[in-house]
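Student: Sequence first, then the predicted structure:
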Amino acid sequence: MNSDDYSQIASIKAYRATRDFYKMRAFESPEFLALLVAVGCNPKDKHHYKALWILELVAEERIALLAPYLDEFCNTLSQLTLDPAVRPASKICLFLVTQKEITLLPVHEEKIIEGCLDFILREAKVATIAYALRALFRLGEKYPWVHNELRLLLSREWENPSPAMRFVLKETLHRLANR
């Protein structure tokens, strides 16, 4: 591990310009991308969420770059607990299930389903739940039991949902009703 590169990841701030800079660096340097994945997929590393911020942007523009790291990423999902880590991870999951450049193996889809369900059951923040629900809805087109599970999850009582959460829940229930 290049300690200078790791120090740069550790010093990343949430500013979009900074994240874009490191995203471009990941596009240009396979070694830096590999380091981002190693840090992002290590929840014991206190800077893992910062690496996931960058990986989210990489996935948004060039999802195929993450293909060699699918096992590592998918195996990490159920271990992520920090809000700044689960939001980008859930968005990467959504990108993975909606793209056509990478063929996900059933084991990857299973891990994504498990991770997204964990995010919802832990009642993560609204954005995380929204991405997880959309990813699960998409996977439910292939695995109908996922739609049944979503119906059960969404029918439960949510304590004081925010207006944004009510919108996400209503949107997903509407999409499920039209299936």
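Tutor: Sure thing, it's come through. Numbering: from 1, shown residues only.

Student: Surely residue 179 touches residue 147?
Tutor: Yes: contact criterion CB atoms under 8 Å: residue 179 and residue 147 qualify, at 6.3 Å. No exception for glycine: its C-beta is placed from N, CA and C like everyone else's.

Student: and the closest residue to residue 90 other than its chain neighbours, how far is that from residue 38?
Tutor: The shortest distance from residue 90 to any non-neighbouring residue, by CB to CB, 6 or more residues apart in numbering, is to residue 131 (3.9 Å). Relative to residue 38, residue 131 is positioned 23 Å away (CB to CB, to the nearest Å).

Student: With neighbour numbers in mind, choose between the two.
Tutor: Neighbour count, other CB atoms under 10 Å: between residue 131 and residue 38, residue 131 has more, with 25 against 17.

Student: Check the spacing between that one and residue 37 real quick.
Tutor: With CB to CB as the criterion, residue 131 and residue 37 are 19 Å apart.

Student: again with residue 92
Tutor: If you measure residue 92 against residue 37 using CB to CB, the figure is 11 Å.

Student: same question, residue 132
Tutor: 21 Å.

Student: between the two, which one's more packed in?
Tutor: Set side by side, residue 132 and residue 37 show more neighbours around residue 132, with 28 against 23, by other CB under 10 Å.
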